[in-house]
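> kindly return the folded structure for what I paste below:
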Amino acid sequence: MQLVLVPSKKEDIDKYKTINNYIIGVKDFSVNYNFVMDINEIINLSSEYSNKNIFVVINKNIMNDDLQKLEQMMIDINNSNIKGILFYDMAVLSIKKRLNLKIDLVWNQGHMVTNYNTCNYYYDKGVNFAYISNEITLEEMIEIKKNSKIKLFTLLFGYPIMAHSKRKLLTNYSISSNKNILKDSHKIVDKISNKEFIIKEDNIGTSILFGDISNHVLAIDEMLKNDFDYGVIDSNYINSDTILEMINIIDRILLGEDLSSYKERIINLIGDNSSFLYKKTIYKVKRK
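Prediction:
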């Protein structure tokens, strides 16, 4: 398994020296990424760090007004050292095929990446990677890995996104309530579950994140046994010292050290919220 980092700032590329793969948001085209850069800045970064694999994220809903800029941006990416594009909207796949671009694509439709049949469908369409949904079980992830031809990204730890809206929800609430709301990291607590949620707003819309870190590191033994390809570390809202220590621990496990030796420390650092890894999927669509 190779590690992939979603950095919180440019300096992270130098700080976390053992990481060779990075996911960086593109300004005005990325949903739920705190650290974004202009595409020309990322292209320059990919040249500066030519020994690293840099993936960019284009995961907003593409509007007609975006198409010309998107097409030129993909041409520029194709002619650069950038490794690939994490995409949501099918416009990205369509442009790649129409212009015969060679850039790798990562199918990244969040809650939709849940089965191997669709992964294989996109693979046959020229998509080489898929980012597995965080809302399925470890058993289902393993099933996808065993039965698909595509290379898989899966979250190791980070705050998972629950929902996104193009509406400016915090702005609207601020106006209607006459309250000054922080738009970059507003927090609310659900009165029934007593769980915390992170809400952030930018020029694209509003994202809602679950307030507990999803910890899939405790399942890393099974992931390694089943040859999972890429493990993603999302550093947003997590202390940089915690990220550094977690990377050091994961590096040791990848080198063959026993997970059980680090289990208590891992839980102390990022909690034990395994999200949906061991929660049986009750409802499924039946195939005829």
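> surely Leu170 and Glu201 touch.
Yes. At 4.3 Å, Leu170 and Glu201 qualify as touching, with contact defined as C-beta atoms under 8 Å. Every residue, glycine included, has its C-beta placed from N, CA and C.
> ok, the two, which is more surrounded?
Comparing Leu170 with Glu201 by other C-beta atoms under 10 Å, the one with more neighbours is Glu201, at 23 against 18.
> what pLDDT does that one get?
Per-residue pLDDT puts Glu201 at 89.
> residue contacts, it?
When contacts are counted by C-beta atoms under 8 Å, 6 or more residues apart in numbering, Glu201 touches Lys168, Leu169, Leu170, Thr171, Lys183, Asp184, His186, Ser207.
> swap in Ile136?
Thr114, Phe276, Thr281.
> repeat that with 6 Å
Contact analysis of Ile136 by C-beta atoms under 6 Å, 6 or more residues apart in numbering lists Thr114.
> now do the SS call for it.
What DSSP: H, G, I helix; E, B strand; the rest coil gives for Ile136 is coil.
> longest strand of the protein, counting residues only.
The strand spanning the most residues in the chain, taking DSSP state E as the definition, is strand 151-158.
> returning to that earlier point: just the buried ones among the contacts of Glu201, please.
Among those, the ones that count as buried by 16 or more other C-beta atoms under 10 Å are Lys168, Leu169, Leu170, His186, Ser207.
> now, those that are in strands?
Short answer: the buried ones among the contacts of Glu201 in strands (DSSP E) are His186, Ser207.
> so which of the buried ones among the contacts of Glu201 comes closest to Ile62?
Of all the buried ones among the contacts of Glu201, Ile62 sits closest to Ser207, with 17.7 Å by C-beta to C-beta.
> so the closest one makes contact with His164?
Yes. Counting by C-beta atoms under 6 Å, Ser207 does reach His164; the two are 4.9 Å apart.
> and for Met137, the neighbour number?
Met isn't right for residue 137; it's Thr. The local packing of Thr137 (other C-beta under 10 Å) involves 16 other residues.
> pLDDT score for it?
Predicted confidence (pLDDT) for Thr137: 95.
> distance check, Leu101 against Ser261.
Plainly put, Leu101 is 45 Å away from Ser261 if you go by C-beta to C-beta, to the nearest Å.
> and the two? Which one has more around it.
Counted by other C-beta under 10 Å, Leu101 and Ser261 do not tie: Leu101 has more neighbours, with 19 against 11.
> how far away is the more buried one from Asp190?
Distance from Leu101 to Asp190, counting by C-beta to C-beta: 44 Å.
> all helices for the stretch 151-288 of the chain, in order.
Under the criterion DSSP state H, counting those that start in this stretch, helices of the stretch 151-288 of the chain are mapped to 169-177, 220-225, 240-254, 263-270.
> for the second one, give the mean pLDDT please.
Across helix 220-225, pLDDT averages out at 97.
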